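Undergrad: Output the structure for:
(chains A and B)
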Protein chains: 2
Amino acid sequence: MQQETSSKILHWEDVTVGETVTFGRTLVSRVEIVAYATAFDPQPFHLDEEAAKNSMIGQLCASGWHTCAMFMRMLADEVLNAAAGLGSPGLDEVKWLKPVVPGDTLTGRYTCTSKRALKSRPGVGVCQMLFEMLNQNGEVVMTWDAAQLLGMREREHAP
Amino acid sequence: MQQETSSKILHWEDVTVGETVTFGRTLVSRVEIVAYATAFDPQPFHLDEEAAKNSMIGQLCASGWHTCAMFMRMLADEVLNAAAGLGSPGLDEVKWLKPVVPGDTLTGRYTCTSKRALKSRPGVGVCQMLFEMLNQNGEVVMTWDAAQLLGMREREHAP
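TA: All right, here's what the predicted structure looks like:
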């Protein structure tokens, strides 16, 4: 899958605390909003414009889980599949701050807020990350506060 | 969409703090794991058995976001679409505790840990919920600590 050489792959050592990295770009379509909601979150305000008019948002908007999924796709394509990514044990917080609606263009960024080596797994480190998704107006539509496991570069060179 | 009469619909008043409600049942297939990961989380350990052998989990497992999506589908079908559900502002915590693998049968439960009326929106209440997903061995594979907005019954009868 990964064609990059090891030196180009993002390892735990390569992440700088406090640095913000931008990535990705995705256009949100009505068809995809309705398809995701039909499969995984069939609440009326994600499926149908008329039903959405009477909802708190007042218009058809993407499932929060679809927003997470779109962000994850950008993160995998643009960051993790060029990284020594080892998954995540979970999220400390997810906030859906603004509705995501058809026609939005979404981008991502992450900022490492702290990092440490995992005592339980030699060669693995964890980065606490603030992930943010923005729309075309520069508004933050979603944040994740999450731990990302990354392999260490030095481990690969250990005897 | 909702065929139930108002009296059968779950409103904010109907949720009892401390009570646990079980719901849903879904069988996890390899095809669905790979399809979701291909669309939204194309990391090697969600796509390919051989690549997964070298991962921390050691076998092909569902994306955490797919697990969230399967849970959301059960929650929508079995709870929210028979409730005065008004969405959620976010999650306070998501934990992926056990791998979800092909052949698993997953069920859900929720426990309201606290509830309050929203001052900013008359007729709307928020329930803080512990959502849990279990596998066929009774192991909790995922938890969400999340706020769920629900409409109030009394609002509908207000003049």
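
Undergrad: How about A:Glu154: what's its closest non-neighbour residue?
TA: Distances taken as Cβ to Cβ, 6 or more residues apart in numbering or on different chains place A:Glu13 nearest to A:Glu154, at 6.9 Å, with adjacent residues excluded. For every residue, glycine as well, the C-beta is placed using N, CA and C.

Undergrad: Could you verify that the one you found is part of a strand?
TA: No. Counting by DSSP: H, G, I helix; E, B strand; the rest coil, A:Glu13 is not found in a strand; it is helix.

Undergrad: pretty sure it contacts A:Arg153?
TA: Yes. Contact criterion Cβ atoms under 8 Å: A:Glu13 and A:Arg153 qualify, at 5.0 Å.

Undergrad: out of those two, which sits in the busier spot?
TA: The residue with more neighbours, out of A:Glu13 and A:Arg153, is A:Arg153; 18 against 15, by other Cβ atoms under 10 Å in any protein chain shown.

Undergrad: ok, the closest residue to the more buried one other than its chain neighbours - contacts?
TA: Counting by Cβ to Cβ, 6+ apart, A:Arg153 lies nearest to A:His11, which is 3.9 Å off, once chain neighbours are set aside. Counting by Cβ atoms under 8 Å, 6 or more residues apart in numbering or on different chains, A:His11 makes contact with A:Ala83, A:Ala84, A:Leu150, A:Gly151, A:Met152, A:Arg153.

Undergrad: The residues you listed in helices, which ones?
TA: A:Arg153 (DSSP state H).

Undergrad: so where's chain A uncertain?
TA: Applying pLDDT under 70 to chain A flags the ranges A:1-6, A:155-159.

Undergrad: What segments of it are strands?
TA: Using DSSP state E, the strands of chain A run over A:20-27, A:90-96, A:105-117, A:124-134, A:140-151.

Undergrad: Point out the one among these that comes closest to chain B.
TA: Among the strands of chain A, the nearest to chain B by Cβ to the nearest Cβ is strand A:90-96 (4.1 Å).

Undergrad: List of residues touching that closest one?
TA: With Cβ under 8 Å, 6+ apart, strand A:90-96 has contacts from A:64, A:67-68, A:128, A:141-147, B:64, B:88-96.

Undergrad: how many degrees apart are that strand and strand A:140-151 in direction?
TA: 170 degrees (axes from the mean of the first three to the mean of the last three Cα atoms, to 10 degrees).

Undergrad: Export the strands of chain A as JSON lines, with columns for mean neighbour count.
TA: Output for the strands of chain A, formatted as JSON lines (neighbours: other Cβ atoms under 10 Å in any protein chain shown):
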{"stretch": "strand A:20-27", "mean neighbour count": "14"}
{"stretch": "strand A:90-96", "mean neighbour count": "19"}
{"stretch": "strand A:105-117", "mean neighbour count": "16"}
{"stretch": "strand A:124-134", "mean neighbour count": "20"}
{"stretch": "strand A:140-151", "mean neighbour count": "20"}
